[in-house]
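Trainee: next come a sequence and a model predicted from it.
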Amino acid sequence: MSALSLAFLPTLVHRERASLAATFVAPFVALAVTTILNLGLYVLMGRNPVDIVYAMLLEPFLSFASFSEVLLKAGPLLLIAQGLAIGFRAKVFNIGAEGQFILGAIFASAIPIWFPQATGQWIWPLMLILGMLGGALWASLTAFWRVRLNANEILVSLMLSLVATQLLNYLLLGPWKDPNGFNFPQSVMFQYDAMVPLLISGTRVNVSLLITIALSLAAWVFMQRSFAGYKLQVGGLAPRAAGYAGFKESRAIWLSLLIGGCAAGLAGAAEVAGPLGQLQRSISTGYGYSAIIVAYLGGLHPIGIIVSALFMAALYIGGDNAMVSANLPIAAVRVFQGSLLLAYLVAIAFVRYRFEWRRAAHRRQP
Amino acid sequence: MNAIEFILAGMLAAATPFLLAALGELVVERAGVLNLGVEGLMAFGAALAFIIVYHGGGHVLGFVAAGLGSAVLSLVFAVIALGFRANQVATGLAIGILGQGLSALFGKTYESLTVKGLPKRALPWLSEMPIVGGLFVQDIVVWLSLAATVTIWAMFAYSKTGLIVRAVGENPRAAHAIGCPVIAVRFAAVAFGGAMAGFAGAYAAVVYTPLWADGMIAGRGWIAIALVVFGTWLTGRIFLGACLFGAVSLMGLAAQATGLNVPSQLLASLPYLVTIIVLGLISADRRLLKLNGVASLGEPFER
């Protein structure tokens, strides 16, 4: 009965060894399938698909000005995704990076908001450090709840993100609102020394991009070359083996969440001290959630994540373009992101399995 | 009307979106599947229901469309997570993002528009009682949700269907050995959960607050998932938990009405804070979770 009703499902056959080729091909196949499906949706909505492909997928790369915006957007996505991927590999599902990002932004903003007259080149580095601290503190709540109270980190970290949004609203509508801001929910503009110095003049790309790239390399060394990273991976792949080897689960949880929180907090700080220059309600356009997709799409590998972060940033910029030029609602970007992750999850199944659609497929006995 | 009467009268209606979605997720998890996409499934159902009711299709059609639409979306989850054995956490998150995106996309042109809700019906005699009378003045969906609660409880307690679902969740290998179609049962459970999430979203959008706003589900799908843990996978406790959250979400309004000087953002985050605290309290009792938890939750099944 089951075989009959679910005959459309393939039979999964374990490969003798994982397919390396499939690992590399999967994201691109997923991208192609997603693009076709979403274009179908745009046609159904009565939009011209050629215009949208141009605006969304090509235009971000065609001029240096728009590519510099892609680099700018890639920064926070890359940073958050690198932190999250470390946790995901240890099977610690921190999905509250959004909240850790917001707390990082709030902590960093405290200096220019409380000391608007302060000057000196120490201000922006201190803000970035405070941002990391804020993100890590917010994440440590989740770690405590998971380690000491055995609570599910997915739910706790997500709930804390929703609380963080309310905290931001409270600050911007109350104590931190710019008194001369025409009642807009935003803080004062930060002073010059509270801004991260620009890297490429004429663009908004700043020094935090260099920090992000350096940290990506550090993530590679940590995950692929260090013993601590190895212990995390064993904990994720074979929790029992990790237990027998004496790798403590609680240590892995704390480490994963603190790294994720630091990275997201730093991203939040770099956003307010960079392109925004003030604390606003819209500091995060879902970076924390998009970074989850970036992490998976990059195969949870530090180098892969660099590529996927660039792509996701281009999608953001392209989505803005398509909104202006092809009248495409910005929500289309979220639809594209969600379907891209789904397509990728199907595509990477080919790494470990072969598929046979025949009913009486040969099965390996367990 | 004092604060207690106000909360008692509104509690069940406020609890209904939580209750419907949590009952659906209960069945999904009892079958051994973790679907984290509830928030997106609710948002998707909410948009479908709102659009249909707005264009005069009526509430019945709105609920049916929401249920069917979210069930179809949840079947996408089932095909990927169960058919292709993808990571259930990642698949659920992706379905959630997709559902919220589709909801925002379809709902774009309906922002801030309103529809008519459903009339409340008073039960004779009971509704005239002092203080608790308000509990017995509810719209039809609330009564149906209570009926669904009892039905699901009875299904798990007494019926063969309930036993099969539980067997598939506890020990899929053994269930398969005695001839249970494990994957088919899990597919059915996921579709049921999707439909319930769709109904929950529809209730939120066309009955409870019949006004369209992007992001109107506001974390209720996630709280519903947490409710299944709070209720330690037992129908009765999930119902009590949903009532608690119904009451908590009204407390903000009640506090404002009494002129309490608390920032509105604190009141808005009250349900999230309560979720975090209760989750910590319940989960700290590891024995309780082990005793009632589902043994194969989130694990793919291979024949």
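Mentor: That came through fine. Residues are numbered from 1 along each chain as shown, chains lettered A, B, ... in the order given.

Trainee: need the residues of the stretch 201-303 of chain B near chain A, please.
Mentor: By C-beta under 8 Å from any C-beta of the partner chain, the residues of the stretch 201-303 of chain B that approach chain A are B:214, B:218-219, B:222-223, B:225-226, B:229, B:263, B:265-266, B:268-269, B:272-273, B:275-276, B:279-281, B:283-284, B:286, B:289, B:302-303. Bear in mind the C-beta positions are built from the backbone N, C-alpha and C, glycine included.

Trainee: quick one, which of those residues are buried?
Mentor: Buried subset of those (neighbour count, 16 or more other C-beta atoms under 10 Å in any protein chain shown): B:214, B:218-219, B:222-223, B:225-226, B:229, B:265, B:268-269, B:272-273, B:275-276, B:279-280, B:283, B:289.

Trainee: I'd say residue A:138 and residue A:101 touch.
Mentor: No. The criterion here is C-beta atoms under 8 Å, and residue A:138 misses it with residue A:101 at 9.2 Å.

Trainee: neighbour-wise, which of the two wins?
Mentor: Shown here are residue A:138 and residue A:101; by other C-beta atoms under 10 Å in any protein chain shown, residue A:101 has more neighbours (34 against 30).

Trainee: from chain B, how far out is the more buried one?
Mentor: If you measure residue A:101 against chain B using C-beta to the nearest C-beta, to the nearest Å, the figure is 17 Å.

Trainee: return the residues in contact with that residue.
Mentor: Shown in contact with residue A:101 (C-beta atoms under 8 Å, 6 or more residues apart in numbering or on different chains): A:76, A:80, A:135, A:264, A:265, A:267, A:268, A:271, A:283, A:284, A:287, A:288.

Trainee: does it sit in a helix or strand, and which one?
Mentor: Using DSSP states H and E, residue A:101 falls within helix A:97-114.

Trainee: which residues are in contact with residue B:44?
Mentor: B:66, B:69, B:70, B:73, B:99, B:100, B:102, B:103, B:198, B:201.

Trainee: any idea which element the residue nearest the centre of chain A lies in?
Mentor: Residue closest to the mean C-alpha point of chain A, counted by C-alpha atoms, centre = their mean, is residue A:291 at 1.2 Å. Element membership for residue A:291 (DSSP H and E) is helix A:287-297.

Trainee: near chain B at all, the helix or strand that that helix is followed by?
Mentor: Following helix A:287-297 in sequence order, the next helix or strand is helix A:302-326 (DSSP H and E). No. Counting by C-beta under 8 Å from any C-beta, chain B has no neighbours in helix A:302-326; the shortest distance is 11.0 Å.

Trainee: show me what helix A:302-326 is packed up against.
Mentor: Counting by 3 or more C-beta pairs under 8 Å, 6 or more residues apart in numbering or on different chains; DSSP states H and E, the packing neighbours recorded for helix A:302-326 are helix A:20-44, helix A:49-53, helix A:59-62, helix A:64-89, helix A:208-225, helix A:287-297, helix A:331-347.

Trainee: what packs against the shortest one?
Mentor: What that stands for is helix A:59-62. Helix A:59-62 packs on helix A:64-89, helix A:302-326, going by 3+ C-beta pairs under 8 Å, 6+ apart.

Trainee: for these, which one sits closest to residue A:243?
Mentor: Smallest distance to residue A:243 across those (C-beta to C-beta): 17.1 Å, for helix A:64-89.

Trainee: could you list the buried residues of the closest one?
Mentor: Of the residues in helix A:64-89, A:66-89 count as buried by neighbour count, 16+ other C-beta under 10 Å.

Trainee: repeat for stretch A:100-117
Mentor: A:100-113.

Trainee: for the chain, give me the ranges with low pLDDT.
Mentor: Here I'm looking at chain A. Confidence mapping of chain A against pLDDT under 70 gives the ranges A:1-8, A:357-366.

Trainee: my bad, the chain I had in mind was chain B
Mentor: Using pLDDT under 70, the flagged stretches of chain B are B:1.

Trainee: residues in contact with residue 207?
Mentor: Since you didn't name a chain, this refers to chain A. By C-beta under 8 Å, 6+ apart, the neighbours of residue A:207 are A:196, A:197, A:198, A:199.

Trainee: the intended chain is chain B.
Mentor: With contacts defined as C-beta under 8 Å, 6+ apart, residue B:207 is in contact with B:13, B:16, B:59, B:117, B:118, B:139, B:141.

Trainee: which residues of the stretch 1-150 of chain B lie near chain A?
Mentor: Residues of the stretch 1-150 of chain B lying near chain A (C-beta under 8 Å from any C-beta): B:36, B:40, B:76, B:79-80, B:83-87, B:89-91, B:93-102, B:104-105, B:108.

Trainee: which of these are buried?
Mentor: Buried by 16+ other C-beta under 10 Å: B:36, B:40, B:76, B:79-80, B:83-87, B:89-91, B:93-102, B:104-105, out of the residues of the stretch 1-150 of chain B next to chain A.

Trainee: restricted to helices, list those.
Mentor: B:40, B:76, B:89-91, B:93-102, B:104-105 (DSSP state H).

Trainee: buried residues in the helix ranked longest in chain B?
Mentor: For chain B, the longest helix by residue count, based on DSSP H, is helix B:3-30. Within helix B:3-30, the residues that count as buried by 16+ other C-beta under 10 Å are B:5-30.

Trainee: quick one: that helix to chain centroid distance?
Mentor: Taking C-alpha atoms, centre = their mean, to the nearest Å, one finds the center of helix B:3-30 at 8 Å from the center of the full chain.

Trainee: then stretch B:250-261?
Mentor: Using C-alpha atoms, centre = their mean, the offset of stretch B:250-261 from its chain centre is 26 Å.

Trainee: now it - C-alpha only, CSV.
Mentor: What follows is stretch B:250-261, C-alpha atoms only, in CSV (Å, rounded to 0.1, in the frame of the first residue of the first chain):
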residue,chain,number,x,y,z
LEU,B,250,-4.4,39.4,26.4
MET,B,251,-2.5,40.5,29.5
GLY,B,252,-0.9,43.3,27.5
LEU,B,253,-4.2,44.8,26.5
ALA,B,254,-5.6,44.3,30.0
ALA,B,255,-2.6,46.0,31.6
GLN,B,256,-2.9,49.0,29.2
ALA,B,257,-6.6,49.3,29.9
THR,B,258,-6.0,49.5,33.6
GLY,B,259,-3.5,52.3,32.9
LEU,B,260,-0.5,50.4,34.1
ASN,B,261,2.6,52.3,33.0
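
Trainee: now do the buried residues in that stretch.
Mentor: Buried residues in stretch B:250-261, counted by 16+ other C-beta under 10 Å: B:250, B:251, B:252, B:254, B:255.

Trainee: neighbouring contacts of that stretch?
Mentor: Contacting residues not belonging to stretch B:250-261 are listed as B:3, B:6, B:7, B:10, B:11, B:14, B:262, B:264, B:267, B:268, B:270 [C-beta under 8 Å, 6+ apart].

Trainee: wait, isn't the fifth one in contact with residue B:246?
Mentor: Yes. Assessed by C-beta under 8 Å, residue B:11 is found in contact with residue B:246 at 4.3 Å.

Trainee: related to what we said a few turns ago, overlap in contacts of residue A:138 and residue A:101?
Mentor: residue A:265.

Trainee: spit out the contact partners of the closest residue to residue A:338 other than its chain neighbours.
Mentor: Setting aside the residues directly before and after it, residue A:338 is nearest to residue B:98 in space (C-beta to C-beta, 6 or more residues apart in numbering or on different chains), at 2.9 Å. Applying C-beta under 8 Å, 6+ apart to residue B:98 gives the contacts A:334, A:335, A:338, A:339, A:342, B:37, B:40, B:73.
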